[in-house]
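J.: Sequence below, structure please.
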Amino acid sequence: MTGLPSETVARMQRLAEQRTVDSRPFPALDRSIRRDRRIRAGAVAVALAVVLATGTVIGTGTFSDPGVVVPAGVEELPQTPEDAGYPAKTVGSLSADQDWLAGLRKKVAKASDHGIASADDVRVVAAGDIEDKARYAVVLYPSAEYAWSREILTGPYQAEPTAMQSDGSESSEDSVPASATAVFSVAGDRIHDTANMQDPTVLIAAPGARSVSVLTSNRLAADGEYDEEWRGLGSPVADGIWATSVSPQEHLLSTVKADGKLTDVSSGNSFADQLGNEPDLFSVASEGSDPERLRDLKNSIAVFGPKPVSPDDEPVYAATAELGEFKVAASLLRSPNGAYITGFSTSDPDGFKAGTLPAGPAPAEVMAGVRATGQNKTYAVVLAPESASKVEVAGAGAPVYNRIAVVEVSAPRDATLDVKALDEHGGEVGRITLPTAMP
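T.: Residues are numbered from 1 along each chain as shown. Got it, this is the predicted structure:
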């Protein structure tokens with residue numbers, strides 16, 4: 001490729017090889033999110049590989065290296081913090097505390113496993129206190145492993161740099177991380193006390209965003225749908241940085257939008273907070289139900305939803321069943337307006353499924369179901385009306401035990417399943433349709 005500097009050609013070659021040969025899995029232990037493997041980065045890599053293989057330069061526009069052309073339709077990645085939308089100087093209430101900032105740079109450089117050459121390479125984008133509740137920092141740094149990394153740290157109010165802890169990082173091999181992200185935390189997260197759920201806060205880094213909002217309420221309506229309410233956070237600390245306290249419910253929901261789009265979220269002890277709203281399934285469980293499976297089910301409902309369970313959502317039924325080695329637990333909760341929340345826990349790879357139903361039928365008349373797989377078989381798992389004694393689906397049938405029927409079916413993944421519940425005389429007492437299997 002004539003006309004390109006040799007160092008540019010070498011960098012392009014490395015990038016293309018890294019995208020095709022040296023793909024690494026997500027490192028879960030340090031909670032880092034390697035968004036460098038996103039589609040747009042892949043598009044750049046493919047285009048670069050074409051350039052390397054053919055010697056042909058396509059498209060219009062320029063990279064930061066002179067003479068290199070950006071492929072048409074590919075977004076140019078930010079190469080400096082300012083390009084990414086970060087403030088040019090440190091912002092926040094600690095922006096003038098040079099001793100504290102120097103201490104934080106040293107801590108980050110020492111703790112990083114990416115190979116930071118010097119503490120001076122750590123750029124503190126923002127640092128300060130959120131009222132009298134928490135201290136936060138957002139830092140960027142280049143390293144031997146990545147072009148740039150972004151790290152968010154939190155700590156107790158007025159914490160020394162050594163007391164700040166990482167709450168998530170994002171790294172890129174060829175640009176400055178600029179995606180919106182949010183970190184919710186409570187006092188217990190900041191002082192390593194899982195029982196302390198006081199002083200919830202949120203820190204949001206959303207370079208280039210003009211507005212952010214947090215989900216403040218998510219109520220189940222009578223039609224079985226959720227009504228959402230959002231609260232705008234107002235003025236940022238600086239462009240792209242918001243740091244403020246939130247309500248316990250906002251922390252529990254831990255959902256943020258930046259310019260109307262959902263962001264990535266890290267939420268310290270919201271797991272423990274949701275467990276405080278575990279439904280009491282044992283009080284409504286049918287006789288003979290497996291307590292271990294019910295325990296797993298109520299934990300799953302509390303943590304995974306379909307939305308955070310309110311203490312006002314009343315358990316009205318729970319039971320377990322099994323077909324050979326395939327084990328099932330099912331539950332039904334009713335909201336104050338009469339809508340229902342269903343929960344199914346199965347021994348298939350998906351494990352847990354939940355949903356909602358509109359108000360109308362009495363609890364004993366409710367019918368719901370899910371499609372599940374296990375041991376290379378497909379099952380229809382059905383919570384039948386109380387009067388049902390048999391369930392039929394796709395030409396197969398199974399008896400109802402404790403309102404649960406597990407039917408092994410033979411049907412294509414792209415086929416819906418019509419399910420009928422029959423009473424002891426063969427009369428139909430309920431009918432539902434299960435959707436196609438996920439691709």
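
J.: Excluding sequence neighbours, find me the nearest residue to I301.
T.: Leaving aside its sequence neighbours, I301 sits nearest to G343 (C-beta to C-beta, 6 or more residues apart in numbering; 4.6 Å). Every residue, glycine included, has its C-beta placed from N, CA and C.

J.: nope, G208 is what I meant
T.: Here the residue nearest G208, using C-beta to C-beta, 6+ apart, is G85, at 3.8 Å.

J.: wouldn't that neighbour be in contact with P236 here?
T.: No - at 11.6 Å, G85 does not count as touching P236 under the criterion of C-beta atoms under 8 Å.

J.: Looking only at neighbour counts, state which of the two leads.
T.: P236 (20 against 16; other C-beta atoms under 10 Å).

J.: What separation do you get for the residue nearest to I301 and I404?
T.: Distance, G343 to I404, by C-beta to C-beta, to the nearest Å: 12 Å.

J.: any shared contact partners between these two?
T.: A330 (C-beta atoms under 8 Å, 6 or more residues apart in numbering).

J.: can you map out the strands along the stretch 251-400 of the chain?
T.: 256-258, 261-262, 264-267, 314-323, 326-334, 340-346, 352-357, 368-374, 377-383, 390-393, 396-399 (DSSP state E, counting those that start in this stretch).

J.: With D296 as the reference, name the closest of the ones you listed.
T.: Closest of these to D296 is strand 340-346, at 5.6 Å (criterion: C-beta to C-beta).

J.: contacting residues around the closest one?
T.: Taking C-beta under 8 Å, 6+ apart as the rule, strand 340-346 contacts 220, 224, 293, 296-297, 300-301, 306, 309, 313, 326-335, 351-359, 363, 366, 368-370, 372, 374, 379, 381, 383.

J.: What subset of those is buried?
T.: For the contacts of strand 340-346, a neighbour count by 16 or more other C-beta atoms under 10 Å gives the buried set as 220, 224, 293, 296-297, 300-301, 306, 309, 313, 326-335, 352-354, 356-357, 366, 368-370, 372, 374, 379, 381, 383.

J.: Which element is encountered next along the chain beyond the helix or strand bottoming out on mean pLDDT in the chain?
T.: When the helices and strands of the chain are scored by mean pLDDT, DSSP states H and E, helix 39-54 comes last with a mean of 33. Following helix 39-54 in sequence order, the next helix or strand is helix 81-84 (DSSP states H and E).

J.: Tell me which residues of that next one come out buried.
T.: In helix 81-84, counting by 16+ other C-beta under 10 Å, buried: 81, 84.

J.: where does stretch 258-269 sit relative to the chain's centre, distance-wise?
T.: Averaging C-alpha positions (C-alpha atoms, centre = their mean, to the nearest Å) puts stretch 258-269 8 Å from its chain's average.

J.: Same question for stretch 332-343.
T.: 24 Å.

J.: quick one: terminal-to-terminal distance for it?
T.: 7 Å (C-alpha to C-alpha, to the nearest Å).

J.: Now do it, average pLDDT.
T.: For stretch 332-343, mean pLDDT rounds to 94.

J.: Please apply the same query to stretch 404-423.
T.: In the prediction, stretch 404-423 has an average pLDDT of 89.

J.: Can you list the buried residues in it?
T.: Per 16+ other C-beta under 10 Å, stretch 404-423 contains these buried residues: 404-409, 411, 417, 419-423.

J.: And those residues, which two are furthest apart?
T.: Most distant of the buried residues of stretch 404-423, by C-beta to C-beta, are A411 and D423, 24.7 Å apart.

J.: and G369, what pLDDT?
T.: Reading off the model, G369 has pLDDT 94.

J.: So what pairs up with it in the strands?
T.: Beta-bridge partners for G369, by DSSP bridges, are V382.

J.: just checking, which of the buried residues of stretch 404-423 belong to strands?
T.: 404-409, 417, 419-422 (DSSP state E).

J.: Could I get the contacting residues of A127?
T.: With C-beta under 8 Å, 6+ apart, A127 has these contacts: 90, 92-95, 97, 100-101, 104, 135-138.

J.: give me phi/psi at it?
T.: phi -160, psi 140 (degrees, to the nearest 10).

J.: Any idea what it is bridged to?
T.: Bridge pairing for A127 - DSSP bridges - gives A137.
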